[in-house]
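S.K.: my questions concern the predicted model and sequence given below.
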Amino acid sequence: MANKAAFTPNEWRQVVGGVFMAGFAITAADPSGLWGLLKETFASGRALMKARTDQAASELNKAIVSDIETAEGRTAAQDFVKGHLQGAKRDEIKQRAIDALRSAATVVDQKAPADGAAYKAWLLHIANTVAEAAKEGGLLGFGGVAVSDAEKATLAEIATALGTRV
């Protein structure tokens, strides 16, 4: 089972950054206003931190969470996200995030193939959790749908980029 030592510093930033990009791709696909954005952000964080206590979580996923719990790890992850999304227009964010997910999955497949399936499933789980966090298309929390068509399409794009299924 892999951990941070199996990757170069740049590869590790990609792998850790991938967990944030999963949520950004969904949020960018169908922005939900301020309240929806907050719900989606918190959902992403909860899905991420669940790996810390999940007995079924891979060692790689736990190593990622442990790294994010440090100031250095958080800064590196923030720098990765900022570097990939800075200057992007709203309609470009989703594609940049999906491209970053594809790259992160490729790195894990190459450096830690035994952890690839669990890592990709985790990324897809984070994306699904974010998609389900806030209703889309309603008014003041009433009506709307749990997962919009744009979010469903983005989940499919993420699954394709990861080489998995929704």
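M.R.: Thanks, I have it. Numbering: from 1, shown residues only.
S.K.: what residues does residue 64 make contact with?
M.R.: 15, 16, 19, 51 (Cβ atoms under 8 Å, 6 or more residues apart in numbering). For glycine as for every other residue, the C-beta is placed from the backbone atoms N, C-alpha and C.
S.K.: where does the second one land in three-state SS?
M.R.: Okay, so that is residue 16. helix (DSSP: H, G, I helix; E, B strand; the rest coil).
S.K.: who's in contact with the residue minimising distance to the centre of the chain?
M.R.: Nearest to the centroid of the C-alpha atoms of the chain, with distances taken as Cα atoms, centre = their mean, sits residue 22, at 2.2 Å. For residue 22, the contact set (Cβ under 8 Å, 6+ apart) comprises 44, 97, 101, 123, 124, 126, 127, 130, 158.
S.K.: what of residue 7?
M.R.: For residue 7, the contact set (Cβ under 8 Å, 6+ apart) comprises 15, 107, 111, 112.
S.K.: likewise residue 126?
M.R.: Residue 126 is in contact with 19, 22, 23, 44, 47, 48, counting by Cβ under 8 Å, 6+ apart.
S.K.: just checking, what packs against the lowest-mean-pLDDT helix or strand in the chain?
M.R.: Within the chain, no helix or strand scores below helix 33-53, which has a mean of 78 by mean pLDDT, DSSP states H and E. Packed against helix 33-53 by the contact rule (3 or more Cβ pairs under 8 Å, 6 or more residues apart in numbering; DSSP states H and E) you find helix 9-29, helix 59-68, helix 113-131.
S.K.: ok, which of the ones you listed comes nearest residue 78?
M.R.: The closest of these to residue 78 is helix 9-29. By Cβ to Cβ, the value is 8.4 Å.
S.K.: quick one: the closest one to helix 33-53, angle?
M.R.: Orientation check (axes from the mean of the first three to the mean of the last three Cα atoms, to 10 degrees): helix 9-29 against helix 33-53 gives 140 degrees.
S.K.: which parts of helix 9-29 are buried?
M.R.: 11-29 (16 or more other Cβ atoms under 10 Å).
S.K.: what residues are up against residue 104?
M.R.: Going by Cβ under 8 Å, 6+ apart, residue 104 touches 14, 15, 17, 18, 21, 119, 123.
S.K.: can you rerun that using 7 Å?
M.R.: Counting by Cβ atoms under 7 Å, 6 or more residues apart in numbering, residue 104 touches 14, 15, 17, 18.
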